[in-house]
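Visitor: sequence first, then the predicted structure:
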Amino acid sequence: MVAARITVNGKETPISPAAPHTTVLDFLRERGLTGTKEGCAEGECGACSVLVARPGVNKPTDWVAVNACLVPVAALDGQEIVTSEGLATAGEPGTQPTLHPVQEEMAVRGGSQCGYCTPGFVCSMAAEYYRPDRCAHTESADSTDPEHGPNGFDLHSLSGNLCRCTGYRPIRDAAFAVGAPTEDDPLAQRREQDPPAPVATEYAQDEGVFLRPGSLAETVQLLRERPDAVVVAGSTDWGVEVNIRSRRASCVVAIDRLPELRSLRVESDHIEIGAAQTLTEIERRLDGSVPLLAQLFPQFASRLIRNSATFGGNLGTGSPIGDSPPVLLALEASVVLADADGEREVPLADYFTGYRQSVRRPGELIRAVRIPLPLSPVTAFHKIAKRRFDDISSVAVAFALDIEDGVVRKARIGLGGVAATPIRALATEAALEGEPWSPETVEAAAQVLQAQGTPMNDHRASAEYRAAMLGQSLLKLYAQTTEAVSS
């Protein structure tokens, strides 16, 4: 087994003697790369963001921004990262380095105030700067769309970065001012080459071990032998446990690079999405072909989180407030579970059995999510939260309806945040199916929907508020879709 190593700013560096739970953030700072900062230690502020070379959607390699505070450095064995220090171009001895175009714009437009958040913003901006399909508009930016610049810059790429000095206006100005990479830009050229291949890893230090098997067969056999192992993909959940709750695992198994978990196939009767595809990869590869998922993605955490988070991880944790389960329930999705004995397919509606519990057996992992085709034409995802973006939902409601000749032929409604598990609103579905899509039907069904689940009082919302939001969500759907359906 080759010793674990990581390439940082073009220089190969051994991971040892870092403990298996050591984050990329701590690893970098211990080696003097202090531009990477710790702000929240749970992936909410982006002060720690770095660039990782990942398999690309439109080119062989994409530069992807991730939260260094969440990712174990052992998970990047054999991989390649760039920090804010590595973006500038070194000059001759005794001279100052040449700033990267993103750094230059941040400086000249006053985008850096106290400077604490600046390196993280710069890395997230650089990821968008190098996005292959970003292109300038022929005309000035549409004034009605303040979240996209005339240079094609999507401001949502910075949704996971916080500025404590509230200097967002000059940061936005800097983002909207950057041009296109030049032909001799080394990081732009790097996109044309393949990313580092996955490396089988067995990294042990102290009393812990980090393992990255080379295949699904090896993984499920390992999980049979080590049922106590913690399985991670993007580590956006486990990383918080490590940082905030000081959780440690004797064995961590990484599955994010397994080829068998990274497929995305569109068949005649279903779409199969590998459990280790990141949400950003899914979003860009589907390109809006599943409208309900297209509504989910912008509201799921931030771009930094979506660059690492997976459907497999979101379903595997069994959280009742995850954003993807309500949507997948409305889409009548199923999960493909794999272990050393083979595979089985379970409807998602039957998957959850209790608070953070499921039918998944010890040694079993989620290989893929399947969405049946054809899709229902009337869909909506309503996330009720205290912030518009990058927040945990108080209530999440997903709708998928077939309405023909003014009658609801089929209704599927997924709910999150109103019970110990994500649930289907079966009683509301029954109240809608076979009935005219009319104010009377919707108002009656909204009363039924308010009584679905067992909402509770907590710091996010009261039980009464959650129930009221359920009913209002259906009324909102009716108001949004009546004109489209009638036309």
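Guide: Perfect, I can see it now. What you are looking at is a predicted structure, and each value in this text was computed from that prediction instead of being measured.

Visitor: separation between the residue nearest to the spatial centre of the chain and Gly239?
Guide: Taking C-alpha atoms, centre = their mean, the centroid of the chain lies closest to Arg306, which sits 2.0 Å from it. Counting by C-beta to C-beta, to the nearest Å, the gap between Arg306 and Gly239 amounts to 15 Å. For glycine as for every other residue, the C-beta is placed from the backbone atoms N, C-alpha and C.

Visitor: what of Arg356?
Guide: Arg356 sits 17 Å away from Gly239, taking C-beta to C-beta as the criterion.

Visitor: neighbour count: these two, which is higher?
Guide: Here Arg356 and Gly239 are compared on neighbour count by other C-beta atoms under 10 Å; more neighbours surround Gly239, at 27 against 13.

Visitor: name the SS class of the more buried one, please.
Guide: When the structure is reduced to helix, strand and coil (DSSP: H, G, I helix; E, B strand; the rest coil), Gly239 reads as helix.

Visitor: show me the contacts for it.
Guide: With contacts defined as C-beta atoms under 8 Å, 6 or more residues apart in numbering, Gly239 is in contact with 23, 42-43, 67, 69-72.

Visitor: just flag the most distant two among those residues.
Guide: The largest separation in the contacts of Gly239, counting by C-beta to C-beta, is between Glu42 and Pro72 at 14.8 Å.

Visitor: name the nearest residue to Ala431, ignoring sequence neighbours.
Guide: If the residues on either side of it in the chain are set aside, Ala431 comes closest to Ala445, at 4.3 Å by C-beta to C-beta, 6 or more residues apart in numbering.

Visitor: please disregard the earlier target; I meant Glu435.
Guide: Spatially, and ignoring its direct neighbours in sequence, Glu435 is nearest to Thr441 (4.3 Å; C-beta to C-beta, 6+ apart).

Visitor: and if you look at Asp323?
Guide: Using C-beta to C-beta, 6+ apart, the nearest residue to Asp323 is Phe300, at 4.8 Å.

Visitor: Ala65 too?
Guide: Nearest residue to Ala65 in three dimensions, chain neighbours excluded: Ala127, at 3.9 Å (C-beta to C-beta, 6+ apart).

Visitor: the one you found in helix, strand or coil?
Guide: helix.

Visitor: from memory it sits against Arg54, does it?
Guide: No: using C-beta atoms under 8 Å, Ala127 makes no contact with Arg54, being 10.2 Å away.

Visitor: which neighbours do those two have in common?
Guide: Taking C-beta under 8 Å, 6+ apart as the contact definition, Ala127 and Arg54 share the neighbouring residues 63-64.

Visitor: and those two? which has more neighbours close in?
Guide: Summary of the neighbour comparison: Ala127 and Arg54, criterion other C-beta under 10 Å, with Ala127 having more neighbours (25 against 21).

Visitor: list the residues that contact the more buried one.
Guide: Taking C-beta under 8 Å, 6+ apart as the criterion, Ala127 is in contact with 51, 63-65, 157, 307.

Visitor: likewise for Ala338?
Guide: Residues 216, 220, 364-367 are the ones in contact with Ala338 under the rule C-beta under 8 Å, 6+ apart.

Visitor: at 10 Å what do you get?
Guide: Residues in contact with Ala338, defined by C-beta atoms under 10 Å, 6 or more residues apart in numbering, are 216-217, 219-220, 223, 260-261, 275, 344, 363-368.

Visitor: try Leu187
Guide: 51, 53, 61, 63, 82, 86-87, 100, 126, 129-130, 181.

Visitor: next, count neighbours for Glu281.
Guide: Residues near Glu281, counting by other C-beta under 10 Å, number 23.

Visitor: ugh, wrong one, I meant Gly208
Guide: By other C-beta under 10 Å, the residues close to Gly208 number 17.

Visitor: likewise Val71?
Guide: 27.

Visitor: distance-wise, check it relative to Gly86.
Guide: Where Gly86 is concerned, Val71 sits at a distance of 17 Å (C-beta to C-beta).

Visitor: then Pro455?
Guide: In this structure, Pro455 and Gly86 are separated by 48 Å, where distance is defined by C-beta to C-beta.

Visitor: now do His156
Guide: Here His156 is placed at a distance of 25 Å from Gly86 (C-beta to C-beta).

Visitor: of those two, who's got more company?
Guide: Counting neighbours by other C-beta under 10 Å for His156 and for Gly86 shows that Gly86 has the greater number, 21 against 17.

Visitor: SS state for that one?
Guide: Gly86 carries the three-state label helix when classified by three-state DSSP.

Visitor: for it, what are its contacts?
Guide: So, once contact is read as C-beta under 10 Å, 6+ apart, Gly86 ends up touching 8-11, 33, 35, 50-51, 100, 123, 126, 187.

Visitor: could you flag which of the residues you listed are buried?
Guide: The neighbour-count test (16 or more other C-beta atoms under 10 Å) applied to those identifies 8-9, 33, 35, 50-51, 100, 123, 126, 187 as buried.
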